[in-house]
Each structure stands twice: as structure tokens, then as C-alpha cells.
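>>> I need the structure of the sequence given here:
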Amino acid sequence: MRRAVCPGSFDPVTRGHLDIIGRAAALFDEVVVAVGVNASKRRLFEPEERLAMLEQACAEWDNVRVDGFTGLLTDYCAENDVVAIVKGLRGPGDFEYELPMAHMNVSLTGVETVFVPTSPQWSFVSSSLVKEVASFGGDVSPFVPGFVLERLTARVEERRAGGA
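Numbers count the residues shown, from 1 in each chain. Predicted coordinates:
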């Protein structure tokens, strides 16, 4: 079985993420969407919330599962018999950022990185940008699944009401 991992924080999952996950699912026998859990980083959604949203978002693909991990992605790959890391590239800046990590990952464990260009309609979408636009009341409905939009809107309102 050829297993790949699509790693990320997915805070929140966007249609751009789902584009890459779906395309990876067509290339590999199994795709693990690995949610990085880093307690030192402040996220909008807790790890359990991100995992739940991803499980719902990925339900249409029988060969995709969602898992959380801490520590090095390469350790996760070695422990889970992963042969490839799939990363989406929105533009040249993503490539510049991802290439040194790909070199390090293959040198540590032999796990290759597969770069997949993001579909043009999602090439500008990022979780950070979605959160920023949503925090100012902008319409991000085209960029996230409906159930994610509901949770995002509620969380932004909670933060606004709480002064955080």
C-alpha cells in the first residue's frame, strides 16, 4: 500500500486544502491528513475541533483518514509507513519555503515530498487570510465548506464578544 500524508495545521480547513487532499487521494492508496498539534502556537480552533472539521470535510473519500501528530513529521511518517508527503503550492513563495523542508525530510527518512500545484481558483486562499477576512466581517463562504463557515463565524463572534 502506498500511503501519503498531507500535513498542516488546518486552522481552519479551506477549499484549497480539500483540493490538494482530493487530488492526493486519486494518486495514492491511502492519504492521511495529519494535523500538527503544537501547544506553543495559538490557533483559532483547538486540535479536536480541527480534527472533527477535517473528518467531516474528508468523508467523501474512502481512502482518506485524519490523524493528529506532535513532533517531527518525519517521525510520524516513519511510524506510519508513509512513502510521500504531499504539499500544495500556491505560488513561487510556497516553493521557496517548502523546498528546504523537502530536502531535510528526505535526508532524515527517505520520505519524498510531492508538490501539487493548487488549482487556480484556490491559489490565493489560506487559512490565515480566511481568518483575517472573517474577523473583519468579510464573506469567506466561497473558500470554506458551509459547516466550517458556521464554526468560523461563531468563533469570531465569541472572540469579538470576549474581547480576545
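
>>> and the helix or strand Val114 falls within, how far from the chain's centre?
Element membership of Val114 [criterion: DSSP states H and E] is strand 112-117. Distance of strand 112-117 from its chain centroid, counting by Cα atoms, centre = their mean, to the nearest Å, is 14 Å.

>>> who does that strand pair up with?
According to DSSP bridges, strand 112-117 has the following sheet partners: strand 82-89 (parallel).

>>> CA-only coordinates of the partner strand, as PDB, when you get a sec.
What follows is strand 82-89, C-alpha atoms only, in PDB (Å, rounded to 0.1, in the frame of the first residue of the first chain):
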ATOM      1  CA  VAL A  82       4.300   6.800   4.800                       C
ATOM      2  CA  VAL A  83       6.100   6.900   1.500                       C
ATOM      3  CA  ALA A  84       5.300  10.500   0.500                       C
ATOM      4  CA  ILE A  85       4.500  13.900   1.900                       C
ATOM      5  CA  VAL A  86       2.000  15.900  -0.300                       C
ATOM      6  CA  LYS A  87       2.200  19.600  -0.200                       C
ATOM      7  CA  GLY A  88       0.200  22.100  -2.200                       C
ATOM      8  CA  LEU A  89       1.900  25.000  -3.800                       C
END
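
>>> Past it, which element shows up next along the chain?
Counting by DSSP H and E, what follows strand 82-89 is helix 92-109.

>>> helices or strands up against that following helix?
With contacts taken as 3 or more Cβ pairs under 8 Å, 6 or more residues apart in numbering; DSSP states H and E, helix 92-109 sits against helix 73-79, strand 82-89, strand 112-117. (C-beta placed from N, C-alpha, C; glycine too.)
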